[in-house]
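Engineer: here is my input, please return the structure:
(2 chains)
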Amino acid sequence: MRLAGRIDLLTRPWVWSYLGALLVWLAAIAFTHGYGAGGMLTAALALAVFCVITGVAQMFVITLGPGNVDLSLPANIGLASAVAMKVMHGSDSLIAAGLLAALGSGIGIGIGNYLLIRLLRIPPIIATLSASFIIQSTGISYGRGLQIKPPPGFAAFTTAQTAGIPLLAIGTAVFTVGAGILLHRTIFGRSVLAIGQNPRAAWLAGIAVERVRCATYVLSGALGGISGALLAGYFRGSSLEIGDEYLLASIACVVIGGTSVSGGKANVPGLWGAALFLVLLLTMLNTFGVSAGIRLLVTGFVIIAVIIAAGGQKPLR
Amino acid sequence: MPAAAANIVRLDGVEKHFGAVRALAKVDFSVDAGECVGLVGHNGAGKSTLMHVLAGTLTPDRGQIIIGGEPRQGYAVEMAQKLGIRCVFQELSLCPNLTVAENARVLHPTITGWGWRRRASRLIRGKLDEMFPGHGIVPDALVGELSIGKRQMVEVARAFTVTKAPLHLVILDEPTSSLDSHTAGQLLSYVRRVVATGVSCILISHLLREILDYSDRIVVMRDGAAVAAGRASEFDRDGLVTAMGGAAAGTVRPEERAAGLRRTTPVRVRARPATQKDGRELVAHEGEIIGLAGLAGHGQTELLIRIFSGASRRIPGVEVTARVALIAGDRQSDGIFPLWSIAENIGVRSIAALRKGLLISPELEKRLAERWQKRIRIRTPDLRNNILSLSGGNQQKALFARALGSEAKLVLMDDPMRGVDIGTKLEVYDLIRAEADGGRTFLWYTSEADELKNCDHVYVFRSGRIIADLHRNELSEERVIQSSFEEVT
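Structural biologist: Residues are numbered from 1 along each chain as shown, chains lettered A, B, ... in the order given. Presented below is the predicted three-dimensional model:
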């Protein structure tokens, strides 16, 4: 029984992302002879949070099926960070208002993306890409490139930790449990999974395909907005480029975490493993002292390798 | 032919397992040159698996494959092609994004160089003309845009085209499942003509009449074994059904119903085809089973889809006053969710009702699936298995369970018996009748004339229009065929 359970665990794709994260961490601390092992984990957890939130957003969109991806996340995050900081205006009493504003900005972007896709019949990949140019221009004229500081209370909240574990990481862990339930146990999640496998069959099975697609892009936008506000708090100030690395990171987390790029199959636990793996991989390369170019190169190769490894599954019949 | 008596293929003691399911148990099977072998058996009896072994797409766990008198090691698709063995599978295998001619080229690597497309067009058009005179298929048409019946015609015609490679044996797995009776007749008489020239055929069909009329020899399979074999003249319909282990032998028996004109129950559907010029429309009352007949691809599916859409938004000419569920006939593109389990595939139409509070309850989902597994006899050791682990007919049963297990009062059926065996069909007919008596309404498009006997009222289609409506008392195959070919005025 126990042996069978263990074998079952090993056949789950997301286990490998955790193993990868562990290996990379061990390699890094072997290089530093154990120095800073705990600190490295704390920092990795804090940074992984943002990968996980944007990863959940991207996961729902990618699961909708081939061609679905949200390329507007970086611009969305940038704009939301500026909106949140401007509304908070450095005052602790306006934190809630600022968060709501960021959320609203993200939801608006999600609705905009969906309208481009639906009304103008633009493929999602192009719609979200062109939307991101519009969002960026809006951001530039809105924020005038100024960096606005977060209120002290909000900055403290985003970096707070208990026993070496960032508060945000705990909150995000709870959030991902919720995302898993949303995916597997609600009508919305089941619908996303069905549409990703076969949109026509989903429609004929009575699923409100377009409503679900709309909700998915809005969800992605909303999560982008929230992570924009949190990032501005964590990095002590908003900036339009603050979300740039989360385009590749979010897609990489989804893929490495065991979600199918061709849609219909998603994996929430894998997101955490993949996010930790990616963040620790960068930390390790940093401790080795390699250049930024090599870092990008390695990240790219890892993603390609995972897609090749995951693509080898044979059909049943 | 000098070696006419020799087997062109022989399988000795072939075995195949899928996990815990034994699909083939020591099967011996052979085909002589120039004969047509009919292969029958219930869903999951192992017919398709055996043919996959013969075509080289599945490797048996044990047993020998002897072709042209020689045992073949490492037998696979390429070798089968070289040895002149072709196969038309139940799941259509043309590439939907390519044209008819391009699909023909896929099978013939020798068509290369300048003008290959023209030569491929000529090849496939010639064969289509020979097999299905008046087929109306253009070689430049994209396969994905053809109706499922036309796709099947192309697939079958392609299997008989010859360039450099020899052609000895064509396996036809349910070749008439999407064809109307006229086209099916064309195909089967072509099979007889080609068999007379020395090519062999294996014919799989759930229409026992086709098997009895067109094969030289018949092999009956049951639970993964060949249980009976003999000359076709030694069998009759009842004999075959008994050999297959038919629980419900006998003929289709339409239950007698009081001969009134139409029911007086509330109207559930009123729908006019988009291209209908006169005032004719389809009407269905509560508790009625309405048949949609005519040659395949003449607008029956389109009207079903219009009615389906009409249930959720306004469509001119369509009025639907009930919740609707659809049973797809083209299960690969319209029905199955290939990544999901059998239980999830059954439950998807009912997810709203499977909730406890806000969340879907796996317990309720399992119970729904188990209830329908019993009622419709889905053959599987575990409902948590992937849907693709089922044979084609059992996948179709899962789609029935999906629709009938839902709250829908109106059930649309788009030629849903493709690949379903006779025993199951009789059970499903009874089930449909019972559900109709319980107040459900069925709209049933079928390409099998026999099935119309289960309907209370039949609308005949031609060129996208309703051209006749027949009450069950006036219904006969001749009337339907006659109406199908009448000139539209």
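Engineer: for residue 17, grab phi and psi.
Structural biologist: Picked chain A for this. Per-residue torsions, A:Ser17: phi -70, psi -40 (degrees, to the nearest 10).
Engineer: try chain B instead
Structural biologist: Dihedral pair for B:His17: phi -120, psi 140, per degrees, to the nearest 10.
Engineer: correct me if wrong: it contacts B:Ala23.
Structural biologist: Yes: taking contacts as Cβ atoms under 8 Å, B:His17 lies within contact range of B:Ala23: 6.6 Å. (C-beta placed from N, C-alpha, C; glycine too.)
Engineer: between these two, who's got more neighbours?
Structural biologist: Here B:His17 and B:Ala23 are compared on neighbour count by other Cβ atoms under 10 Å in any protein chain shown; more neighbours surround B:Ala23, at 24 against 14.
Engineer: ok, that one - contacts?
Structural biologist: For B:Ala23, the contacting residues are B:16-17, B:46, B:49, B:224, taking Cβ atoms under 8 Å, 6 or more residues apart in numbering or on different chains as the criterion.
Engineer: what about the residue in the stretch 101-250 of chain B that chain A sits nearest to, how many neighbours?
Structural biologist: Checking the stretch 101-250 of chain B residue by residue against chain A with Cβ to the nearest Cβ singles out B:Gly144 as nearest, at 11.9 Å. The burial metric for B:Gly144, expressed as a neighbour count using other Cβ under 10 Å, is 13.
Engineer: do B:Ala104 as well
Structural biologist: If you count neighbours by other Cβ under 10 Å, B:Ala104 ends up with 28.
Engineer: which pLDDT value goes with it?
Structural biologist: The score at B:Ala104 is 90. That number is its pLDDT.
Engineer: on that earlier part again, tell me if I'm right that the residue of the stretch 101-250 of chain B closest to chain A and B:Leu92 touch.
Structural biologist: No: using Cβ under 8 Å, B:Gly144 is not in contact with B:Leu92; the gap is 11.1 Å.
Engineer: which bits of the stretch 351-489 of chain B sit near chain A?
Structural biologist: Where the stretch 351-489 of chain B comes near chain A, counting by Cβ under 8 Å from any Cβ of the partner chain, the residues are B:351-352, B:355, B:358-360, B:386, B:388-389, B:402, B:406, B:408.
Engineer: buried among these? Need that as a selection in ChimeraX.
Structural biologist: Typed into ChimeraX, the next command selects the buried ones out of these (criterion: 16 or more other Cβ atoms under 10 Å in any protein chain shown):
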select /B:351,355,360,386,389,402,406,408
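Engineer: can I get the residues of the stretch 351-489 of chain B next to chain A in JSON lines with pLDDT and secondary structure?
Structural biologist: Listed next are these as JSON lines, based on pLDDT from 0 to 100; DSSP: H, G, I helix; E, B strand; the rest coil:
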{"residue": "B:Ile351", "pLDDT": "91", "secondary structure": "helix"}
{"residue": "B:Ala352", "pLDDT": "90", "secondary structure": "helix"}
{"residue": "B:Arg355", "pLDDT": "90", "secondary structure": "strand"}
{"residue": "B:Leu358", "pLDDT": "88", "secondary structure": "coil"}
{"residue": "B:Leu359", "pLDDT": "92", "secondary structure": "strand"}
{"residue": "B:Ile360", "pLDDT": "92", "secondary structure": "strand"}
{"residue": "B:Asn386", "pLDDT": "92", "secondary structure": "strand"}
{"residue": "B:Leu388", "pLDDT": "90", "secondary structure": "helix"}
{"residue": "B:Ser389", "pLDDT": "88", "secondary structure": "helix"}
{"residue": "B:Arg402", "pLDDT": "95", "secondary structure": "helix"}
{"residue": "B:Ser406", "pLDDT": "92", "secondary structure": "coil"}
{"residue": "B:Ala408", "pLDDT": "92", "secondary structure": "coil"}
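Engineer: of the residues of the stretch 351-489 of chain B next to chain A, closest to A:Ser93?
Structural biologist: Taking Cβ to Cβ as the measure, A:Ser93 lies nearest B:Leu358 of those, at 34.0 Å.
Engineer: what's that closest one in contact with, if anything?
Structural biologist: Contacts of B:Leu358 by Cβ under 8 Å, 6+ apart are A:Thr186.
Engineer: what's the answer for B:Ala296, then?
Structural biologist: If you count contacts by Cβ under 8 Å, 6+ apart, B:Ala296 has them with B:147-149, B:178-180, B:183, B:415, B:447.
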